[in-house]
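Chemist: A structural model of the following input is requested.
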Amino acid sequence: MSSATKSSTQMSLTERLQGAKSAPLMFVLLSVIALMVLPLPPVLLDLLLSVNITVAVLILLTAVFVNRPLEFSVLPALLLISTLFRLGLNVASTRLILLGAAEGKANAGRIIETFGHFVVGGNSIIGIIVFLILVLINFMVITKGAGRIAEVAARFTLDALPGKQMAIDAELAAGTLTEEDARQKRSDVERESDFYGAMDGASKFVRGDAIAGLIITAINIMGGLLIAVFQGGMAFGDAAQTYTVLTVGDGLVSQIPALLISTATGVVVTRAASAAELGDELTGQLLGDQRVLFGASVTLFLLGLVPGMPFMIFATMAGAIGWLGWRVSQAADETVELDDADEKKDEKAEPELDELLRVETLALEIGFGLVKVVDEASGGSLLKRLVQVRRQYASDLGIIVPSIHIRDNLQMAPGAYRLLLKGVPIASAELRQNKLMAINPGFVTQRIDGEPTKDPTFGLDAVWVDESQRHRAEAAGYTVVDHEAVITTHVTEVIRQHAAELFGWEDLEDRLEEIKLQAPRLVEELVGERLSFGKLLNVLRRLLSEGVSIRDLRSVLEALAESAHPDTSVNALTDQVRARLARQISAQLTDENGTLHAALLDRPLEDKLRQCLVKQQGEPVLACDLVTAQGLFGAIEEALGKFAVKDAEPVILAPPDLRGPLEQFLAQFFPDIQVLCHREVVPSAELVSVAQLSLPAGELEGAQQAQIQ
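Modeler: From the prediction side, this is the model:
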């Protein structure tokens, strides 16, 4: 046998197995149709009636024991099938009752006769009253209430669907959910909406079944009397007694399962906010409070004292409820004692575990030789300086820098320190004890003796000097700083470089709550409807990474409100905000004379960079070849020297389509360079060209050849 033949044989076998799972359902549906057409012997009718009762009990117990409504998601389809099955049994039993009347004998099966004689004592009047009461309970109370709850639940679930979907998207963007978890949550939300919508319609089946049962019962009584009297030759009194009892028995054997299924429907739709079994919730909420049980016990005992009331019954119930309250009280005391014992036992272990699990956003670890810079009693001022750093960033960038936790680390060198961001080191250096750092800003007049080193913040040349050499070094043009100043400056610069990572989900929520007090409609219409929370956070983080302050968050939101759309890229939204904040950006980069020094891109370099643009996850990104990148870096390094001569902030002026990608590309190599476009320069600023960035002719040709290859 060939492999293709084997594959087709296996596929057909798989298809047969999958089809076999639906065979019982198809059989049931076809059997329901057959019940309405084909006559049944009484024995088979008894079997099917017992199946109907069994199915009703199974549905009710399943509804009681499920934890969530979605665990019983087949209930709407099951309601339809069970209703059709029950109506088919009504038709079959009606046929047997009326055929027996025509023959002058009662032959409707043992279950119907038992319900007619044993349940209601063979009294037709009592049977009719009991049947009507059951129909009213099912139709007016349970079915109507369950239908209304299903209707309201379907409406509110559908209204809440967009908000739930956006909440899932926001959690996914924040990283609190994985892609698989988000997909599962979206599926659950959609299934929940479909479930309540289906239950809204399925409850109509149950309601219609109750009405149909009442009508069928009336038809059976009238038809049985007429046929028995005029065709079967029975006396009217005997016919009325016999066929009224049989009809009532038929009605009861149909309405009791219908009542059970209606109750199951009500149980499921009323447990939308539950997450445990119904029995556990009832036990915990109804019998879990000792005060309620003692109060109920006293009330029952007082009722038993009322003249004419059965005292022993009420006294017994009061005693049982009081004993239950005492047991609950004892269990609560035992739980408290166990909790206290566990707390005392783990009193020392828990802080250690908490410390191991806790991850500070920012932490500064220092060697034991630097402890004195933290100790204010010893004249240390590092703590106060770091507080000033946090205030500075709140004013300059509009973010609240988390508290910096300082701790000593005996495993580090005595003069070493390192800054950690969420437990990961991002900066470190080692200082010389009892020494000052003399930094060469580039224009010292005389070299001084000392141990050569590098400024850890900007990488400038420096030397370690004694306190006695301070004045001599300052006179020679050096900038002399102590340990606190070195650490503070280093921390300040590192935080500036990682400001985007320090601005998180909760920070944005707090800022939006502040804006809501001033402009509630702006926040409500923008966030969620036109711009997801996650994308807004990404835009603000992009601005912070580019050194743009978000302190004026209202202006940022207004700029986004003018152009925000679910499909707009983060790069485009960032450019829109930067254009709105042009005055702020220009003021940050111009000198005291209002002059903005910038390097310009020549046309061949612009064209070459545009050729390097690619799309990654919908965002434009520069993917330059090695030759182009080396030529661009060389031109920038040459321009940086010219900026240093003019003592100006390094700025590159680029076209709007290149600004964002070029900023992101240069950030990892030249973090201090700002890339602007013309829309971000106010007319009042005097623009002065410091240099023109271009690729050498040879490198430009080489880049073109590299791209062709």
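Chemist: Low-confidence stretches in the stretch 301-450 of the chain?
Modeler: Within the stretch 301-450 of the chain, the segments meeting pLDDT under 70 span 331-357.
Chemist: Run through the strands of it in chain order.
Modeler: Using DSSP state E, counting those that start in this stretch, the strands of the stretch 301-450 of the chain run over 362-366, 404-408, 416-421, 424-430, 436-439.
Chemist: Can you tell me which of the ones you listed is packed in deepest?
Modeler: strand 436-439 (a mean of 24; mean count of other C-beta atoms under 10 Å). In this view, the C-beta of every residue, glycine as well, is placed from N, C-alpha and C.
Chemist: circling back: now tabulate the strands of the stretch 301-450 of the chain in a markdown table and tack on distance to residue 243.
Modeler: Converted to a markdown table, the strands of the stretch 301-450 of the chain look like this (distance: least, C-beta to C-beta, whole Å):
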| stretch | distance to residue 243 |
| --- | --- |
| strand 362-366 | 88 |
| strand 404-408 | 88 |
| strand 416-421 | 87 |
| strand 424-430 | 86 |
| strand 436-439 | 111 |
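Chemist: between these, which gets nearest to residue 85?
Modeler: strand 424-430 (64.2 Å; C-beta to C-beta).
Chemist: Pull the closest one out as CSV, backbone CA atoms only.
Modeler: Provided in CSV are the C-alpha atoms of strand 424-430 (Å, rounded to 0.1, in the frame of the first residue of the first chain):
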residue,chain,number,x,y,z
VAL,A,424,20.2,45.1,37.0
PRO,A,425,23.4,47.2,37.2
ILE,A,426,23.4,50.1,34.7
ALA,A,427,26.4,52.2,35.9
SER,A,428,29.4,51.8,38.2
ALA,A,429,32.7,53.4,39.1
GLU,A,430,35.4,53.3,41.8
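Chemist: Quick one: distance of that strand to the chain centre.
Modeler: Put simply, strand 424-430 sits 35 Å off its chain's centre (C-alpha atoms, centre = their mean, to the nearest Å).
Chemist: Check stretch 217-230 too.
Modeler: For stretch 217-230, the separation from the chain centroid amounts to 62 Å (computed by C-alpha atoms, centre = their mean).
Chemist: What segments of the stretch 451-600 of the chain are helices?
Modeler: With helices called from DSSP state H, counting those that start in this stretch, the stretch 451-600 of the chain shows them at 470-475, 483-497, 499-502, 505-518, 520-526, 533-545, 553-563, 570-580, 582-589.
Chemist: Could you dump the ones you listed into TSV with mean pLDDT and distance to residue 305 added?
Modeler: Below are the helices of the stretch 451-600 of the chain laid out as TSV (pLDDT from 0 to 100; distance: least, C-beta to C-beta, whole Å):
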stretch	mean pLDDT	distance to residue 305
helix 470-475	90	97
helix 483-497	91	76
helix 499-502	90	71
helix 505-518	88	58
helix 520-526	85	60
helix 533-545	90	63
helix 553-563	87	70
helix 570-580	89	76
helix 582-589	90	82
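Chemist: so which of these comes closest to residue 294?
Modeler: helix 505-518 (44.6 Å).
Chemist: Pretty sure residue 486 sits against residue 427.
Modeler: No - at 11.7 Å, residue 486 and residue 427 do not qualify as touching, with contact defined as C-beta atoms under 8 Å.
Chemist: Give me the helices and strands touching the longest helix along the chain, please.
Modeler: Longest helix in the chain, counting residues (DSSP state H): helix 179-230. Counting contacts by 3 or more C-beta pairs under 8 Å, 6 or more residues apart in numbering; DSSP states H and E, helix 179-230 is packed against helix 75-103, helix 124-136, helix 144-174, helix 236-269.
Chemist: Pick out the residue closest to the middle of the chain.
Modeler: residue 168 (4.0 Å; C-alpha atoms, centre = their mean).
Chemist: per-residue confidence for that one?
Modeler: As predicted, residue 168 sits at a pLDDT of 73.
Chemist: pretty sure it is touching residue 179, no?
Modeler: No - using C-beta under 8 Å as the test, residue 168 is too far from residue 179 to be in contact (11.0 Å).
Chemist: Check which residues of the helix or strand harbouring residue 64 are buried.
Modeler: Element membership for residue 64, per DSSP states H and E: helix 42-65. Of the residues in helix 42-65, 42, 45-46, 48-49, 52, 55-56, 59-60, 62-64 count as buried by neighbour count, 16 or more other C-beta atoms under 10 Å.
Chemist: dump the residue contacts of residue 309.
Modeler: Contact partners of residue 309, counting by C-beta atoms under 8 Å, 6 or more residues apart in numbering, are residue 303.
Chemist: I'd like to know how far it sits from residue 301.
Modeler: 11 Å (C-beta to C-beta, to the nearest Å).
Chemist: cool, residue 200 as well?
Modeler: 46 Å.
Chemist: ok, now residue 393?
Modeler: Distance from residue 393 to residue 301, by C-beta to C-beta: 69 Å.
Chemist: Look at the two and report which has more neighbours.
Modeler: Taking neighbours as other C-beta atoms under 10 Å, residue 393 and residue 301 compare with residue 393 leading, 20 against 17.
Chemist: The more buried one reaches residue 494, doesn't it?
Modeler: No - applying C-beta under 8 Å, one finds residue 393 not in contact with residue 494, separated by 11.8 Å.
Chemist: out of the helices and strands packed on helix 179-230, deepest packed?
Modeler: Highest mean neighbour count among those (mean count of other C-beta under 10 Å): helix 236-269, a mean of 24.
Chemist: For the helix holding residue 64, give the mean pLDDT please.
Modeler: For helix 42-65, mean pLDDT rounds to 86.
Chemist: just checking, what packs against that helix?
Modeler: helix 75-103, helix 110-114, helix 236-269, helix 278-286.
Chemist: Would you convert those into TSV that also reports mean pLDDT and distance to residue 693?
Modeler: Converted to TSV, the helices and strands packed on helix 42-65 look like this (pLDDT from 0 to 100; distance: least, C-beta to C-beta, whole Å):
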stretch	mean pLDDT	distance to residue 693
helix 75-103	78	68
helix 110-114	79	95
helix 236-269	78	69
helix 278-286	64	70
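Chemist: Dump those helices into a markdown table; add distance to residue 508 as well.
Modeler: Output for those, formatted as a markdown table (distance: least, C-beta to C-beta, whole Å):
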| stretch | distance to residue 508 |
| --- | --- |
| helix 75-103 | 41 |
| helix 110-114 | 67 |
| helix 236-269 | 38 |
| helix 278-286 | 37 |
